[in-house]
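Enquirer: need a structure here:
(one chain, ligands or ions: 1)
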Amino acid sequence: MTFTEQLARAARLHDSLLCVGLDPEPSKFPGAWRGDPERSFEFCARIVDATKDLVCAFKPQIAYFAGQRAEAQLEQLMAYIKRTAPEVPVILDAKRGDIGSTAEQYAREAFERYQADAVTLSPFMGFDTIEPFLRWRDKGVILLCRTSNPGGNDLQMQRLADVPGQPRLFEHLATLAQGPWNTTGQLGLVVGATFPEEIARVRELAPTLPLLIPGVGAQGGDAAATVRAGLRVNPAGETTGPIIVNSSRAVLYASSGDDFAQAARRVAITTRDALNSAR
Ligand SMILES: O=C(O)c1cc(=O)[nH]c(=O)n1[C@@H]1O[C@H](COP(=O)(O)O)[C@@H](O)[C@H]1O
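Expert: Numbering: from 1, shown residues only. Sure, this is the predicted structure:
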């Protein structure tokens, strides 16, 4: 099954557009675990147990593991999700991007070492840096397009004088990803929930690509505006333009007490429902 098919299946099965981001930060762990990076797996596993029936995807962020010398726990977590929630696709948020020969190693890291179903990439270095990932035919490859952070403006909003119509960089990227770069149908795009107008613009230029939309919750993005701008459904009720709306900290750290998993579940339910009510 391809990533897109997995995603559609999980979204249908769980009636959810929500992706829970797994960004374990030891200083925010509850009680006796606080400050202990050795608990990263256990912390995330409890979150997975508490939310796996509420989500269309999980998204572990690699830096939270690598920064704590906890890559082995990320491997453990990926295997745990595959075992306990096999219906939920896992997007490894790695934001890689490098020349082809190095990209091959990054692809092995994402798809062999960590067994991810999809990976996030930075497209800054061009198509030849993305192509090695596309050799893994059933995997999703999600390119940064219009990111949620304020500094996204610095480059992504600039106009390209040499391209007909002088599109902004993010618009050009969306056009490439929907068209000439999507040689294998594996591409998706990242668009921040903090910029609903640009989500709508990306959806216009890339009507069928899966959009990974982080920024609801801690970054203040509007769930309803996100759904209206990004989700596309045909008259028969079938999704033609899927969205994956990520929330990390608002779910993970809903409580700093021993009830963190129950609190995470409550926030995940509220967020899932807010997304669904805007469909
Ligand atoms: O690729 C991403 O996931 C990503 C892209 C983007 O534009 N903005 C963004 O916040 N992210 C990631 O999405 C997550 C957002 O986390 P919260 O703000 O805690 O929900 C983090 O893991 C970020 O690294």
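Enquirer: am I right that residue 93 falls within a strand?
Expert: Yes: according to DSSP: H, G, I helix; E, B strand; the rest coil, residue 93 belongs to a strand.
Enquirer: state the number of residues packed around it.
Expert: Residue 93 has 24 neighbours, counted by other CB atoms under 10 Å. Quick note: C-beta positions are derived from backbone N, CA and C, even for glycine.
Enquirer: contact partners for it?
Expert: 21, 59, 60, 61, 62, 119, 120 (CB atoms under 8 Å, 6 or more residues apart in numbering).
Enquirer: which of those residues sit farthest apart?
Expert: 21 and 119 (14.3 Å; CB to CB).
Enquirer: who has more neighbours out of these two?
Expert: More neighbours surround residue 119 than the other of residue 21 and residue 119, with 26 against 23 (other CB under 10 Å).
Enquirer: count of residues packed around the closest residue to the more buried one other than its chain neighbours?
Expert: In this structure, residue 119 finds its nearest non-sequential neighbour in residue 110, 4.1 Å apart by CB to CB, 6 or more residues apart in numbering. Counted with other CB under 10 Å, the neighbours of residue 110 add up to 25.
Enquirer: can you tell me how far residue 110 is from the ligand?
Expert: Per CB to the nearest ligand atom, to the nearest Å, residue 110 is found 13 Å from the ligand.
Enquirer: would you agree that residue is in contact with residue 95?
Expert: No: using CB atoms under 8 Å, residue 110 is not in contact with residue 95, being 10.9 Å away.
Enquirer: output the set of residues of the stretch 1-150 of the chain in proximity to the ligand.
Expert: With CB under 6 Å from any ligand atom as the criterion, the stretch 1-150 of the chain meets the ligand at residues 21, 23, 61, 93, 120, 147, 148, 149.
Enquirer: and if we set it to 8 Å?
Expert: 21, 23, 59, 61, 63-64, 91, 93, 95, 120, 142, 144, 146-149 (CB under 8 Å from any ligand atom).
Enquirer: closest one of the residues you listed to residue 42?
Expert: After measuring those against residue 42 - CB to CB - the closest member comes out as residue 64, at 14.1 Å.
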